[in-house]
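> Provided below are the primary sequence and the corresponding predicted coordinates.
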Amino acid sequence: MVLKIAGAAYTAFFPTQYAVHVVIGLVTVLVLRAFSQGRKTNRERDLHGRKILVTVCCRSISLNRRAQLNKWNQGGFTPIGLTILQSLAERGAHIIALSPHPIDSPEVTIIVSLLRETYSNKEIYAEQCDLSSPSSIRSFCTRFLTGSDQRIDAIIFAHEYNHIGSSGLVARTQTLEDAASKREAASLATFLITTLLLPALLVAPTERDIRVITLVNPFYAAAVGPSFTIPFPSRTSDALSKSIFVLEGNRSLRTTILTRHLQRILDALPAAQVPKTDEGSSVVPVVNSKTQRSNIVVVSVSPGISRADTIAPLLNADWTSPSGYARAGIVLYFLLQPLLRIFTKSPTASIQTVLHALFLPTPFKVFSKAAPKATQASTNDGVPIDASISEMPEEVLKPGALYADCAVVRLTVPTPSDTPASEKKPQKGKGKEGLEEVLEIPDDGEYGGEAMGRLVWEAYEDALKTWELANPPKEEKETAPDIDQDHKPDSNIPR
């Protein structure tokens with residue numbers, strides 16, 4: 001009986017004369033969806049013994065909801081943040097997730113416990129750090145830098161990816177000023193954490209492969225050109241009159257330029273680092289300075305347009321958002337689901353480029369591994385082996401670049417015309433002995449060149465001072481101990 005009903009329904013809705021059209025339509029939809037999901041990384045990496053710091057944007061939730069592993073979107077973190085944590089936990093990474101919630105709150109303890117049990121990984125911890133508060137950020141960084149274990153193998157800034165602000169199609173539940181303030185706080189939190197933790201990264205062993213990955217929203221292309229403004233919105237009068245895509249694009253492009261300039265500073269530091277050689281070998285591998293000089297690599301990653309992290313906030317349909325939601329936006333979001341399922345990315349597809357940037361070998365690491373092979377092939381006459389004759393894989397991570405769909409994005413950012421070469425000022429920095437030095441940073445011309453990078457860096461410094469003055473430290477209250485407090489580093493892990 002059931003088969004007869006199914007056969008009758010098939011004959012009624014799918015006449016045989018339209019079978020070819022139906023098949024072509026289904027294949028077209030599948031191809032469009034596969035194309036929209038983007039490339040998947042073809043790399044893999046064992047992350048056991050690697051300590052990774054992850055900043056994930058958190059949301060307020062109702063504690064009466066079920067907290068089960070198959071319902072991650074009801075947890076305290078954003079979908080892409082939770083997906084990143086899952087991928088890292090699955091590969092055995094030592095994870096420290098930053099959360100604004102108290103460590104003993106259900107939003108944090110439930111997720112940490114589920115991750116530990118699901119992936120049999122006990123090296124998953126959480127630390128309280130409110131990314132909207134500069135004093136909270138400084139407090140966390142101080143605790144970390146004064147702790148017994150200061151090892152960091154990677155930092156993933158995932159909090160900047162979440163879309164901020166809604167379009168004019170639906171009612172807004174937050175003012176334009178509040179949205180601009182959140183964008184500015186998210187960017188400055190990345191800058192503050194980076195500068196505070198940079199000393200710990202610089203004193204790490206030179207053979208350690210350290211990566212700093214910053215996630216940016218996919219609207220950076222909307223800001224390339226005259227619409228890009230170097231100062232933060234709080235420093236300009238006409239910032240709020242711009243389109244939501246231009247505002248988000250400015251935030252994304254500004255972070256990308258900052259990331260590229262930070263890599264220039266790292267590469268300009270004195271005493272260029274080279275991989276270690278085998279004991280007793282007279283051959284010294286030489287890393288081409290045009291490829292990489294520092295063992296610290298910073299890159300920007302654009303995960304693409306995600307349903308949950310981009311479209312839902314854009315339509316003000318995120319019912320877990322603490323700033324509220326619009327019912328019309330939720331209705332529109334569900335009506336558009338068939339199209340969104342085809343043309344936008346899932347959280348799993350969104351993190352592919354993040355994993356690609358984390359898994360790709362760096363030029364520094366490639367030459368350190370190629371040194372033994374080069375030693376065997378040499379004549380032992382003490383002549384340094386140039387990078388050109390070392391074995392090189394098909395693809396290596398490009399320091400300071402912007403990645404999207406597992407590939408480097410070529411962006412042409414105009415060089416500031418109001419900054420002549422005669423007015424270029426050398427950047428100040430600190431050497432390994434703590435003495436202030438003047439760094440001569442070469443102009444590579446990428447993303448606006450050194451002049452654009454320096455102006456953006458100075459804009460961050462200026463906005464950071466104002467942000468800290470507007471958010472003075474609050475009186476400290478007694479808080480619950482961190483989940484990570486009793487953790488002792490494994491002595492078997494190489495430091």
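Structure received.
> use CA for all of it now, contacts and neighbours both
Will do.
> now do the strands in the stretch 51-200 of the chain.
For the stretch 51-200 of the chain, the strands defined by DSSP state E, counting those that start in this stretch cover 51-55, 94-99, 124-128, 154-157.
> which strands and helices sit next to the second one?
Contacts defined by 3 or more CA pairs under 8 Å, 6 or more residues apart in numbering; DSSP states H and E place strand 94-99 against strand 51-55, helix 79-90, strand 124-128.
> mind redoing it with 10 Å?
Counting contacts by 3 or more CA pairs under 10 Å, 6 or more residues apart in numbering; DSSP states H and E, strand 94-99 packs against strand 51-55, helix 79-90, helix 106-119, strand 124-128, strand 154-157.
> and the first one, by the same measure?
When contacts are defined as 3+ CA pairs under 10 Å, 6+ apart, strand 51-55 packs onto helix 79-90, strand 94-99, strand 124-128, strand 154-157, strand 210-215.
> to residue 242, which of the ones you listed lies closest?
For residue 242, the closest of the helices and strands packed on strand 51-55 is strand 210-215, at 22.8 Å, according to CA to CA.
> mind saving the C-alpha coords of stretch 25-45 as CSV?
Extracted in CSV, the C-alpha atoms of stretch 25-45 (Å, rounded to 0.1, in the frame of the first residue of the first chain):
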residue,chain,number,x,y,z
GLY,A,25,17.9,20.8,-11.8
LEU,A,26,19.1,18.6,-8.9
VAL,A,27,22.6,18.4,-10.3
THR,A,28,22.6,22.2,-10.8
VAL,A,29,21.6,22.8,-7.2
LEU,A,30,24.2,20.3,-5.9
VAL,A,31,26.9,22.0,-8.0
LEU,A,32,25.9,25.5,-6.8
ARG,A,33,25.9,24.3,-3.2
ALA,A,34,29.3,22.6,-3.5
PHE,A,35,30.7,25.8,-5.1
SER,A,36,29.2,28.0,-2.4
GLN,A,37,30.7,25.9,0.4
GLY,A,38,34.2,26.7,-0.8
ARG,A,39,37.3,24.7,-0.9
LYS,A,40,38.1,22.2,1.8
THR,A,41,41.6,22.0,3.2
ASN,A,42,43.7,19.1,2.0
ARG,A,43,46.1,19.4,4.9
GLU,A,44,46.2,17.7,8.3
ARG,A,45,48.3,18.3,11.4
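> quick revisit: save the helices and strands packed on strand 94-99 as JSON lines, and put in mean neighbour count and distance to residue 247 too.
Formatted as JSON lines, the helices and strands packed on strand 94-99 follow (neighbours: other CA atoms under 10 Å; distance: least, CA to CA, whole Å):
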{"stretch": "strand 51-55", "mean neighbour count": "22", "distance to residue 247": "22"}
{"stretch": "helix 79-90", "mean neighbour count": "21", "distance to residue 247": "22"}
{"stretch": "helix 106-119", "mean neighbour count": "17", "distance to residue 247": "31"}
{"stretch": "strand 124-128", "mean neighbour count": "23", "distance to residue 247": "29"}
{"stretch": "strand 154-157", "mean neighbour count": "24", "distance to residue 247": "20"}
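> export those to TSV and tack on distance to residue 174 and mean pLDDT?
Output for the helices and strands packed on strand 94-99, formatted as TSV (distance: least, CA to CA, whole Å; pLDDT from 0 to 100):
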stretch	distance to residue 174	mean pLDDT
strand 51-55	24	95
helix 79-90	22	94
helix 106-119	24	91
strand 124-128	26	93
strand 154-157	24	96
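> and those: which comes nearest residue 405?
Closest to residue 405 of the helices and strands packed on strand 94-99 is helix 79-90 (CA to CA; 15.4 Å).
> and that closest one, what does it pack against?
Looks like helix 79-90 contacts strand 51-55, strand 94-99, helix 106-119, strand 124-128, strand 154-157, helix 347-350, helix 352-359 (3+ CA pairs under 10 Å, 6+ apart).
> next, the angle strand 94-99 makes with it.
Computed by axes from the mean of the first three to the mean of the last three CA atoms, to 10 degrees, the angle separating helix 79-90 from strand 94-99 equals 160 degrees.
> can you give me how far helix 79-90 is from the chain middle?
Centroid separation between helix 79-90 and its chain, computed with CA atoms, centre = their mean, to the nearest Å, is 12 Å.
> separation between the closest residue to residue 56 other than its chain neighbours and residue 295?
Nearest residue to residue 56, sequence neighbours excluded (CA to CA, 6 or more residues apart in numbering): residue 159, at 4.7 Å. Distance, residue 159 to residue 295, by CA to CA, to the nearest Å: 25 Å.
> can you tell me which residues contact the residue nearest to residue 191 when sequence neighbours are not counted?
Of all residues beyond its chain neighbours, the one nearest residue 191 is residue 460 (7.3 Å), with distances taken as CA to CA, 6+ apart. By CA atoms under 10 Å, 6 or more residues apart in numbering, the contact list for residue 460 reads 184, 187, 188, 191, 192, 230, 231, 232, 254, 255, 258, 454.
> how about the strands in the stretch 251-400 of the chain?
Remark: strands assigned in the stretch 251-400 of the chain by DSSP E, counting those that start in this stretch are 296-302.
> low-confidence stretches in it?
Within the stretch 251-400 of the chain, the segments meeting pLDDT under 70 span 271-292, 364-394.
> and the longest helix seen in the chain, which residues are buried?
In the chain, taking DSSP state H as the definition, the longest helix is helix 176-202. Neighbour-count burial for helix 176-202 flags 176, 179-194, 197, 201-202 (criterion: 16 or more other CA atoms under 10 Å).
> mind checking how far that helix is from the chain centre?
13 Å.
> related to what we said a few turns ago, nearest to residue 363, of the strands of the stretch 51-200 of the chain?
Comparing these by CA to CA, strand 154-157 comes nearest, at 16.5 Å.
> neighbours around the nearest residue to residue 144 once chain neighbours are set aside, how many?
Leaving aside its sequence neighbours, residue 144 sits nearest to residue 150 (CA to CA, 6+ apart; 6.5 Å). Neighbours of residue 150 under the rule other CA atoms under 10 Å: 16.
> pretty sure residue 150 sits against residue 197.
Yes. Residue 150 is within contact range of residue 197, at 9.4 Å (criterion: CA atoms under 10 Å).
> now for those two: what residues contact both?
Overlap of the contact sets of residue 150 and residue 197 (by CA under 10 Å, 6+ apart) consists of residue 144.
> can you give me the helices in this protein?
Along the chain, counting by DSSP H, helices occupy 2-13, 19-36, 79-90, 106-119, 134-145, 176-202, 244-268, 312-314, 327-335, 337-343, 347-350, 352-359, 363-377, 449-470.
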